[in-house]
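*Asks:* How does the following fold in three dimensions:
(chains A and B)
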Amino acid sequence: MSVDDVSTDDDRKKNRYDFDRHSPQYRHQLESIAQQMHEKCPVAWSETYGGHWVASGSREVFELARSAEFLSNDHDIRGERRGYKGISIPTPQRVASARGGFLEMDPPEQRYYRQALNPYLSPAAISRWIPVIDELVRASLDEKIETGRIDFVDDLANIVPAVFTLAMMGIPLKNWTIYCEPMHAAIYTREGTDEAARVALLHRQMGIDLATQLARIRADPRPGLVDALLRLEINGEAQPDIELFGVLGLLIGGGFDTTTALTAHALEWLSENPSERDRLSRERDTLLDSATEEFLRYYTPAPGDGRTFSADCEIAGQQFKEGERLWLSWTMANRDAALFPEPNTIDLARKGNRHHSFGLGIHRCIGSNVARTVFKRMIIQVLDRMPDFRCEPDGTVHYDTIGVINGMRHLPATFTPGPRLGAGLEETIDTLQKVCDEQGLAEPVTARKATAKIEG
Amino acid sequence: MRVRVDPERCQGHTLCAMIAPKVFELDDIDGHSSAVSEDVPADAEEQVREAAHTCPEQAIVIF
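*Replies:* Numbers count the residues shown, from 1 in each chain, chains lettered A, B, ... in the order given. So this is what the prediction gives:
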């Protein structure tokens, strides 16, 4: 490397920012960091985590996210290709045994997986499940409705996405408890602590159940996402189990904590803004859709994703070199005043809300229709059955760091008690299991178009 | 007003169908959007402009 090489490299990286999104400070300084970066360096080089680019400007994120020919999601686990490190920055300490599903694949392989799973997750596919989702919400609220106290995370937002994801996968619903805690705890537990050891054990138990279910469904097929993955052939070949586990991990990881995070944050905000809450309830027919998109924008549950440049290129006026890492910050792009007037204010009726919370381009979150539907069904019932809920700041626990998921651990609230409407959660889950099995609810929309029917 | 959705750009965000449900229909299998008809009824023009503005992929073309 010559002196010239060094000086042109320095020049290329002249827009710098010391960016550490895993620090507790980031959560509190997010707005000012975003503003500074937007003003000075919407694409910036940061020396943190081995050195990486950070894109925070909406225009730059748009151009980068859509430059799939220059940006790779690949995670080259066994060093068989170009050694790229996937979508996590920094690369997690525990060595990955598999890629994080199709989110860590490039086309054409990535495309085959999405095509296999689309018929289970499309808007038409998800809307068939609404009666099931509504029953899960009803039962979760029924467990607490007479007491006047609830934790919106532990008692509602953790439960419904978990049970519903298992239903779509074709895994017995009652197993939700094996999956729920490790999935949430893995996000906020610090590596190397005693707590981490306990969470690792829960994770292993979850892994064992997943392996058991895969084997069971392979031997004795039942419809759902697992079945779709078992049937997937690329160039005439079934995919290795290790890759299927990576995909299932992605679906569970994507399906649980993100929707929980969105719902908890929205309920917290609605509690703090009761006149807006009442307005949302009254005007839900015209306001719920835009309010959902606004909560997505403001809270951005999945804050960003990593990429690796697969070639030297120039995008949005910045030169990049092959192998360099990039963090696409959906969170900060969502606060860009150039795209969102008064970006740090929640406007339930916001127009032109082209937010980035499900990503952009070919890796758009495949679960986006699940997220929107489950969120709305939870919000509607909370507004109807506990309209005066008040969240308690004292017991409220946000994640310390929001580098991975912008989430919450606890959100206790009080409300005027109300009547139960039906059976409790355990009994409801048993009933729904029968409904799923009898009606083949987890079939793809190509096989079954009908909406779920729940008697009584 | 005429409208079409660029199938190369559309990624199935579904915002257009939320804003202008009579103009945009979503594929059952992947949720990607297409215009029900190229011709936009006069009373839907404002919605279509809003949908085009709101598409995260900027996939909606008004012509």
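
*Asks:* quick one, strands of the chain?
*Replies:* Going with chain A. A:43-46, A:52-55, A:71-72, A:149-151, A:233-234, A:237-238, A:304-309, A:313-315, A:318-320, A:325-329, A:390-391, A:397-398, A:408-410, A:412-414 (DSSP state E).

*Asks:* should've been chain B
*Replies:* B:3-5, B:24-26, B:33-35, B:60-62.

*Asks:* A:Lys449: which of these is closest?
*Replies:* Closest approach to A:Lys449 among those is made by strand B:24-26 (13.8 Å; CB to CB). All C-beta spots, glycine's among them, are computed from the backbone N, C-alpha and C.

*Asks:* Run me through the strand neighbours of the closest one, direction for each.
*Replies:* strand B:33-35 (antiparallel) (DSSP bridges).

*Asks:* I'd say A:Arg307 and A:Asp74 touch.
*Replies:* No. With contact taken as CB atoms under 8 Å, A:Arg307 and A:Asp74 are classed as non-touching, separated by 9.5 Å.

*Asks:* Of those two, give the one with the bigger neighbour count.
*Replies:* Comparing A:Arg307 with A:Asp74 by neighbour count (other CB atoms under 10 Å in any protein chain shown), the higher total belongs to A:Arg307, at 29 against 21.

*Asks:* list the contacts for the more buried one?
*Replies:* A:Leu64, A:Leu71, A:Ser72, A:Asn73, A:Ile87, A:Arg325, A:Leu326, A:Leu328 (CB atoms under 8 Å, 6 or more residues apart in numbering or on different chains).

*Asks:* cutoff 6 Å now
*Replies:* The contact partners of A:Arg307, taken as CB atoms under 6 Å, 6 or more residues apart in numbering or on different chains, are A:Leu71, A:Leu326.

*Asks:* A:Met37 too?
*Replies:* Neighbours of A:Met37 in contact, by CB under 6 Å, 6+ apart: A:Tyr17, A:Ser56.

*Asks:* Quick check: phi and psi on the closest residue to A:Arg82 other than its chain neighbours?
*Replies:* Excluding the flanking residues, the one nearest A:Arg82 by CB to CB, 6 or more residues apart in numbering or on different chains is A:Asp76, at 6.2 Å. Main-chain dihedrals, A:Asp76, degrees, to the nearest 10: phi -90, psi 80.

*Asks:* Now for A:Asp76, how many residues are close by?
*Replies:* Quick note: A:Asp76 (other CB under 10 Å) scores 16 neighbours.

*Asks:* Roughly how far does it sit from A:Thr414?
*Replies:* A:Asp76 sits at a distance of 51 Å from A:Thr414 (criterion: CB to CB, to the nearest Å).

*Asks:* Give me the distance between A:Ala96 and A:Glu237.
*Replies:* Distance from A:Ala96 to A:Glu237, by CB to CB: 22 Å.

*Asks:* again with A:Gln110
*Replies:* 16 Å.

*Asks:* At which residues are the helices of chain B located?
*Replies:* B:15-19, B:45-54 (DSSP state H).

*Asks:* Go through those helices and pick out the most buried.
*Replies:* helix B:15-19 (a mean of 22; mean count of other CB atoms under 10 Å in any protein chain shown).

*Asks:* Let's see that helix as CSV, backbone CA atoms only.
*Replies:* C-alpha atoms of helix B:15-19 as CSV (Å, rounded to 0.1, in the frame of the first residue of the first chain):
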residue,chain,number,x,y,z
LEU,B,15,-49.4,1.0,1.5
CYS,B,16,-51.0,1.9,-1.8
ALA,B,17,-53.9,-0.5,-1.3
MET,B,18,-54.5,0.9,2.2
ILE,B,19,-54.7,4.5,0.7
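
*Asks:* Do it and chain A come into contact?
*Replies:* Yes. Helix B:15-19 lies within reach of chain A by CB under 6 Å from any CB of the partner chain, at B:Met18.

*Asks:* Check the gap between A:Met105 and B:Gln58 for me.
*Replies:* Counting by CB to CB, the gap from A:Met105 to B:Gln58 is 25 Å.

*Asks:* who's more crowded, the two?
*Replies:* A:Met105 (24 against 15).

*Asks:* ok, now how distant is A:Asp278 from A:Ile187?
*Replies:* Distance from A:Asp278 to A:Ile187, by CB to CB: 33 Å.

*Asks:* Between these two, tell me which one has more neighbours.
*Replies:* When A:Asp278 and A:Ile187 are compared on other CB under 10 Å, the one with more neighbours turns out to be A:Ile187, at 22 against 14.

*Asks:* Would you mind listing what in chain B touches chain A?
*Replies:* B:Gln11, B:Thr14, B:Met18, B:Leu26, B:Asp28, B:Ile29, B:Asp30, B:Gly31, B:His53, B:Thr54, B:Pro56.

*Asks:* could those be laid out in CSV, adding pLDDT?
*Replies:* Putting the residues of chain B next to chain A into CSV (pLDDT from 0 to 100) gives the following:
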residue, pLDDT
B:Gln11, 98
B:Thr14, 98
B:Met18, 98
B:Leu26, 98
B:Asp28, 97
B:Ile29, 97
B:Asp30, 97
B:Gly31, 98
B:His53, 98
B:Thr54, 98
B:Pro56, 98
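
*Asks:* Can you pull the residues of chain A lying near chain B?
*Replies:* So far as CB under 6 Å from any CB goes, chain A lies against chain B at A:Asn118, A:Pro119, A:Ser122, A:Pro123, A:Ala124, A:Asp289, A:Gly352, A:Arg354, A:Leu360, A:Arg364, A:Val445.

*Asks:* The fifth one contacts A:Arg448, doesn't it?
*Replies:* Yep, that's A:Ala124 we're talking about. No. The pair A:Ala124 / A:Arg448 is not scored as a contact, 10.8 Å apart, by CB atoms under 6 Å.

*Asks:* which strands and helices sit next to the biggest helix by length in chain A?
*Replies:* Longest helix in chain A, counting residues (DSSP H): helix A:194-219. Counting contacts by 3 or more CB pairs under 6 Å, 6 or more residues apart in numbering or on different chains; DSSP states H and E, helix A:194-219 packs against helix A:176-188, helix A:225-231.

*Asks:* Those helices: which one's closest to A:Met332?
*Replies:* Of the helices and strands packed on helix A:194-219, nearest to A:Met332 by CB to CB is helix A:176-188, at 20.0 Å.

*Asks:* What lies in contact with the closest one?
*Replies:* Against helix A:176-188 from outside (CB under 6 Å, 6+ apart): A:158, A:162-163, A:166, A:199, A:202-203, A:206, A:209, A:252, A:256-257, A:399, A:404-405.

*Asks:* tell me the angle that helix makes with helix A:194-219.
*Replies:* 130 degrees (axes from the mean of the first three to the mean of the last three CA atoms, to 10 degrees).

*Asks:* I'd like the average pLDDT over helix A:176-188.
*Replies:* For helix A:176-188, the mean pLDDT works out to 84.

*Asks:* and the helices and strands packed on helix A:194-219 as CSV, adding distance to A:Arg21?
*Replies:* Converted to CSV, the helices and strands packed on helix A:194-219 look like this (distance: least, CB to CB, whole Å):
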stretch, distance to A:Arg21
helix A:176-188, 14
helix A:225-231, 30
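
*Asks:* which one is residue 22 nearest to, not counting chain neighbours?
*Replies:* No chain in the question, so chain A it is. Of all residues apart from its sequence neighbours, A:Gly403 sits closest to A:His22 (CB to CB, 6+ apart), at 3.9 Å.

*Asks:* Hmm, no, I was thinking of chain B.
*Replies:* B:Ala44 (6.1 Å).
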